[in-house]
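Q: I'd like to go over a predicted model; first the sequence, then the structure.
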Amino acid sequence: MTSVEDLQKLAKENAENAQKAFGTLSKGLQTIATEMADYSKKSFEEGSALLEQLSGAKSLDKVVEIQSDYAKKVYEGLVAQSTKIGELYTDIAKDIAKPFENFIPKK
């Protein structure tokens, strides 16, 4: 039979592990929020630059060229950003799980 002291120790360890996991989650989400805010700011600035370029275009061919270049740049940036955010979420999940690794039986 398990003693009261063992149960108290287990409860304390679980509480500490949950606290570590929450701290990790909080920090990770702050990192993602900062990253997304930076990306949004960059996107806005690039959109403003596009409008300036379009207003200075002298021909329809130049407008199409500017828009095509912008679309390519935006697509590549979105793919890179999505990959980066996905990696951040993966890292958060791994870091959250670390305190609980002792509960998983080892083979």
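A: All right, it came through fine.
Q: what about residue 103, distance to residue 14?
A: Spatial separation of residue 103 from residue 14 under the definition CB to CB, to the nearest Å is 9 Å. Every C-beta, even on glycine, is put in place using the N, C-alpha and C of the backbone.
Q: With neighbour numbers in mind, choose between the two.
A: For residue 103 against residue 14, the residue with the higher neighbour count under other CB atoms under 10 Å is residue 14, and the figures read 13 against 9.
Q: any idea of the mean pLDDT in stretch 97-107?
A: Model confidence over stretch 97-107 averages 75 on the pLDDT scale.
Q: what packs against the helix or strand bottoming out on mean pLDDT in the chain?
A: Among the helical and strand segments of the chain, the one scoring lowest on mean pLDDT, DSSP states H and E is helix 4-55, with a mean of 92. Using 3 or more CB pairs under 8 Å, 6 or more residues apart in numbering; DSSP states H and E, the elements in contact with helix 4-55 are helix 60-97.
Q: Could I get the pLDDT score of the most centrally placed residue in the chain?
A: In the chain, the centroid-proximal residue (CA atoms, centre = their mean) is residue 85; its distance is 3.2 Å. For residue 85, the model assigns a pLDDT of 96.
Q: Enumerate every residue touching the residue nearest to it when sequence neighbours are not counted.
A: Excluding the flanking residues, the one nearest residue 85 by CB to CB, 6 or more residues apart in numbering is residue 32, at 6.2 Å. By CB atoms under 8 Å, 6 or more residues apart in numbering, the contact list for residue 32 reads 85, 88, 89, 92.
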